[in-house]
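Trainee: Build me a structure from this.
(one chain, ligands or ions: 2)
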Amino acid sequence: MVATQKLQNEEEVLNPYQIVQEQIETAAAILGLDRDIVEILKRPKRVLTVSIPVKMDDGSTRVFEGYRSQHSDAIGPTKGGIRFHPGVTIDEVRALSMWMSFKCGVVSLPYGGGKGGIIVDPHTLSKGELERLSRGFMEAIADIVGPDKDIPAPDVYTTPQIMSWMMDTYSRMKGYNNPGVITGKPLIVGGSKGRNEATARGCAYVIAEAMKDLGKELKGATVAIQGFGNAGRIAADLLSQEGCKIVAVSDSKGAIYNPAGLDLATVEELKDNSSILDYDSKYHLQNPEEILELDVDILVPAALENVITRKNADKVKAAIVAEAANGPTTPDADKILFEKGIIVIPDILANAGGVTVSYFEWVQNLMNYYWSEDEVNSKLKDVITQAYWAVRSLANEHNVDFRTGAYMISMKRIAEAIKTRGWV
Ligand SMILES: NC(=O)C1=CN([C@@H]2O[C@H](COP(=O)(O)OP(=O)(O)OC[C@H]3O[C@@H](n4cnc5c(N)ncnc54)[C@H](O)[C@@H]3O)[C@@H](O)[C@H]2O)C=CC1
Ligand SMILES: O=C(O)CCC(=O)C(=O)O
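Mentor: Numbers count the residues shown, from 1 in each chain. Ligands and ions are numbered 1, 2, ... in the order given. Model prediction:
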């Protein structure tokens, strides 16, 4: 418990931008990477701040602040989602764009990382206000995005419909149809089969590999999932199809837990029509954060950053933590979990299924030729499974956690591109 004791004496770093810089330094030290390259990697190449005036339904105008961060274009155009959330900050968007670069590196996509965000709670907007905000944001960032420059996608509280409005705005500005500017679109306007499920599917694939790795059966394994949106809810479905027992789920309103297994169909119906908290009240968790500390085989944080910290990491009991969310575990918590022998499948691997199928969507848009769902899923499975074993081997070889192993793979690749381009 040496690391744990040392940690008590220092302030825990919770700023995601500082966290990703720390993660870069950790991997760089093991790789012995040139300082010049590390300094390039530690900051985004460009961050655009925009103000978006939106005519509200009551006739007033509200101005929203948004960001688009582009980390590295050494390997190819930048790629990554757009988040609509009241807690968005410029540092969060910077960090998310950097995690995207390393994510694309782990699964060998020809992209660097980008990310966008608007400070807004979209649930407080009417459909018309949401459409005007989405179109206004695309108009504001149109100069720096494009199929060969930077390709956005969905993230927290953004949807295929929002991607469609943004694609339409960009296409109108250019004067011709431009589906390759954004991914995660509805199928009818150039979306890919399998994209909606891809983040969760990729996560389920790496969980299956990790369980094999531990010599454990997926069938009957117990699972707790924090966040019941695109990533978490579909992960619950897919894992339950594999025979796992989903014992706990939560969303922004609260958490439910039944050690004997939740009735998933009922939970889904309640999520669609009212609230998961309309589930039998004897299964409500008084403190929703306790979902992270339940005695389960697999824990899937699928909501927001910094939920597993120095404060609760020691209480995590799962054998596997599969990070469907970006940035759920702090570096201090990583150290504690590693000491406890818990496998943390890092975000840049565990949720890379989303961007992988976004890449497939972009390729299909550029070819104007579309694949079957089986083709998409089987290509995804190959990519993710290979990435899992590459990360696992490197991590074990260096006796480091999987996150560091994953960063090492990516950073080596980006560093090589930076050198080959002659930037250092
Ligand atoms: N959608 C995608 O393709 C990808 C998403 N991710 C990551 O997955 C995470 C979730 O994103 P999505 O599922 O797309 O968003 P979403 O908007 O579809 O769902 C978010 C879910 O999180 C819940 N939530 C919000 N605050 C919470 C809290 N404090 N405690 C528990 N639950 C809470 C919401 O109620 C909702 O159920 C994010 O970290 C995102 O960056 C990562 C890769 C791809
Ligand atoms: O699909 C994409 O391009 C990126 C999705 C995303 O934002 C993420 O992986 O965090």
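
Trainee: Tell me the residues of the stretch 301-424 of the chain that contact ligand 2?
Mentor: 326, 351, 354-355, 358 (Cβ under 6 Å from any ligand atom). For every residue, glycine as well, the C-beta is placed using N, CA and C.

Trainee: repeat for the stretch 1-150 of the chain
Mentor: So the stretch 1-150 of the chain meets ligand 2 at 79-81, 100, 103 (Cβ under 6 Å from any ligand atom).

Trainee: Helices along the stretch 1-150 of the chain, start to end?
Mentor: Ranges of helices within the stretch 1-150 of the chain are 2-8, 16-31, 35-41, 90-106, 127-141, based on DSSP state H, counting those that start in this stretch.

Trainee: List the buried residues for stretch 64-74?
Mentor: Residues 64, 66-74 are the ones in stretch 64-74 that count as buried (16 or more other Cβ atoms under 10 Å).

Trainee: hey, C-alpha coordinates of stretch 215-223 in CSV?
Mentor: Taking Å, rounded to 0.1, in the frame of the first residue of the first chain, the C-alpha atoms of stretch 215-223 are listed here in CSV:
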residue,chain,number,x,y,z
GLY,A,215,-9.9,-17.8,-17.0
LYS,A,216,-13.4,-16.8,-16.0
GLU,A,217,-16.8,-17.5,-17.6
LEU,A,218,-18.7,-14.6,-19.1
LYS,A,219,-21.9,-16.6,-18.6
GLY,A,220,-23.2,-15.8,-15.2
ALA,A,221,-20.7,-13.0,-14.5
THR,A,222,-22.2,-10.1,-12.6
VAL,A,223,-22.1,-6.6,-14.0
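
Trainee: how much space is there between the closest residue to residue 191 other than its chain neighbours and residue 305?
Mentor: Leaving aside its chain neighbours, residue 191 sits nearest to residue 185 (4.0 Å; criterion: Cβ to Cβ, 6 or more residues apart in numbering). Separation of residue 185 from residue 305 (Cβ to Cβ, to the nearest Å): 26 Å.

Trainee: In the protein, what residue comes closest to ligand 2?
Mentor: residue 81 (2.6 Å; Cβ to the nearest ligand atom).

Trainee: Could you check which residue of this structure lies nearest ligand 1?
Mentor: For the chain, Cβ to the nearest ligand atom, closest residue to ligand 1: residue 229, 1.7 Å.

Trainee: okay, that residue: pLDDT?
Mentor: Note on residue 229: pLDDT of 98.

Trainee: burial count for it?
Mentor: Residues within reach of residue 229, counting by other Cβ atoms under 10 Å, total 19.

Trainee: about what we covered before: among residue 185 and residue 305, which residue is more densely surrounded?
Mentor: residue 185 (26 against 22).
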